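S.K.: starting from these lines, generate the structure:
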Amino acid sequence: MKHALPLLLLLMAFLSCTKDNVLIPDNQPPNYEGIPLIKIQNFVNRLFIDLLAREPLDPEMDAFVQELQLAKLAPETRLIQVIRLQTDTAFIVGDTSYHRAYIQNLYNQAKARTLEGVSDGDIKGDAGIFLNGAYKDSLAGNWEGYTKNMKAAERLLTVIRGRSEFQSEQITYDRLFARCVNNSIYDKINMNTVNFVNATFDNLLWRYPTKSELLEGFNMIEYNLPGTIFGKQGTNKDDYVEILTNSREMFEGLIIWSYQQLLARRPTSEETGVLLQDFAGHRDIRLIQQQILITDEYANF
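M.R.: Numbering: from 1, shown residues only. The predicted structure follows:
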């Protein structure tokens, strides 16, 4: 019996260091075998349309489908394909590159959401009217009018520059939206200050303002009075736009926008919470899209 206690202690020590296998029910990896070819082709077709605003050419379809089939439709391979369409700068006939076509599509979608899809030509035309007015004001010595017209022209031209600056990553997508709502064309679409405040909340945050938010925004824009929205104070229209477009609610609005564009539904509170946690830091719309585009819900697998 004198050897029993040491042996027992040794056995207990061994068992305490042994990890048990924990079985999680209903946690089987998805089986993508048997997914029909037409579903894979539909996924590729949808990717091209949603990211590049065009269908894939036959060689592109064949290459993407074969790549997915070889990888057994793995989400990791889907992610590689999504990133390729978002970022590849290799020359593509008609598009210049996937990256350029992708940026152009996002630019067009931002204008469609805020400016009723107005063309760049129309934006330049309106800017030209203001520049001509500024020239006449300078000849007449009306420097107040000159400054006002030059500022109005610059606000329009900065929308157009936004496409190339977004492509070169000088600005993020939220900054492009900020430019789209702070110009004379947006003002004409949403006549008067009440409509402007309602429209910016709807277009950017996917909701309408509360009575308090509407009043604060109205006084800030209409009368240049100090107002507070989302805990930040402003005294004019530029301040109002900056507060709105730099808010956590704006980032949530971009997540909602992405889900609406790609899945035709709003995200759940859980989905929003997971994505919002990081988006305020990176502000990269591509990462939000990637998370959605690799899901089985999007692919319909």
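S.K.: can I see the domain layout of the chain?
M.R.: Per the record, the chain has its domains at 37-100, 119-170, 190-246, 250-299, by automatic domain parsing.
S.K.: how long is the last one from one end to the other?
M.R.: From its first residue to its last, domain 250-299 covers 27 Å (CA to CA, to the nearest Å).
S.K.: what segments of the stretch 101-250 of the chain are strands?
M.R.: 227-229, 232-234 (DSSP state E, counting those that start in this stretch).
S.K.: which of these sits closest to residue 258?
M.R.: The closest of the strands of the stretch 101-250 of the chain to residue 258 is strand 227-229. By CB to CB, the value is 23.7 Å. C-beta coordinates here come from the backbone N, C-alpha and C atoms, glycine included.
S.K.: hmm, back to that, could you dump the strands of the stretch 101-250 of the chain into TSV with distance to residue 73 added?
M.R.: Output for the strands of the stretch 101-250 of the chain, formatted as TSV (distance: least, CB to CB, whole Å):
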stretch	distance to residue 73
strand 227-229	46
strand 232-234	46
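S.K.: winner for burial among these?
M.R.: Stretch with highest mean neighbour count among those: strand 227-229 (a mean of 19; mean count of other CB atoms under 10 Å).
S.K.: direction included, what does it pair up with?
M.R.: Here strand 227-229 has these sheet partners by DSSP bridges: strand 232-234 (antiparallel).
S.K.: and residue 56, that's in a helix?
M.R.: No - under DSSP: H, G, I helix; E, B strand; the rest coil, residue 56 falls outside any helix and is assigned coil.
S.K.: start the count at 18, not 1, going forward
M.R.: Okay, using 18 as the starting number, the last item reads as residue 73.
S.K.: isn't it right next to residue 62, touching?
M.R.: Yes - with contact defined as CB atoms under 8 Å, residue 73 and residue 62 form a contacting pair (6.3 Å).
S.K.: on that earlier part again, go through the strands of the stretch 118-267 of the chain and name the closest to residue 97.
M.R.: Using CB to CB, the nearest of the strands of the stretch 118-267 of the chain to residue 97 is strand 249-251, at 40.0 Å.
S.K.: and the contacts of the closest one?
M.R.: Contacts to strand 249-251, defined as CB atoms under 8 Å, 6 or more residues apart in numbering, come from residues 237, 243-245, 256-257, 259-260, 264.
S.K.: and these, which two are furthest apart?
M.R.: 243 and 264 (17.7 Å).
S.K.: what about those two, which has more around it?
M.R.: residue 264 (19 against 13; other CB atoms under 10 Å).
S.K.: what's the pLDDT at residue 50?
M.R.: Looking at residue 50, its pLDDT stands at 86.
S.K.: now do the phi/psi pair for the nearest residue to it once chain neighbours are set aside.
M.R.: The shortest distance from residue 50 to any non-neighbouring residue, by CB to CB, 6 or more residues apart in numbering, is to residue 89 (7.4 Å). Note on residue 89: its backbone torsions stand at phi 60, psi 40 [degrees, to the nearest 10].
S.K.: state the distance from residue 147 to residue 137.
M.R.: Separation of residue 147 from residue 137 (CB to CB, to the nearest Å) stands at 16 Å.
S.K.: specify which residue of these two has the higher count of neighbours.
M.R.: Between residue 147 and residue 137, counting by other CB under 10 Å, residue 147 is the more crowded of the two (20 against 13).
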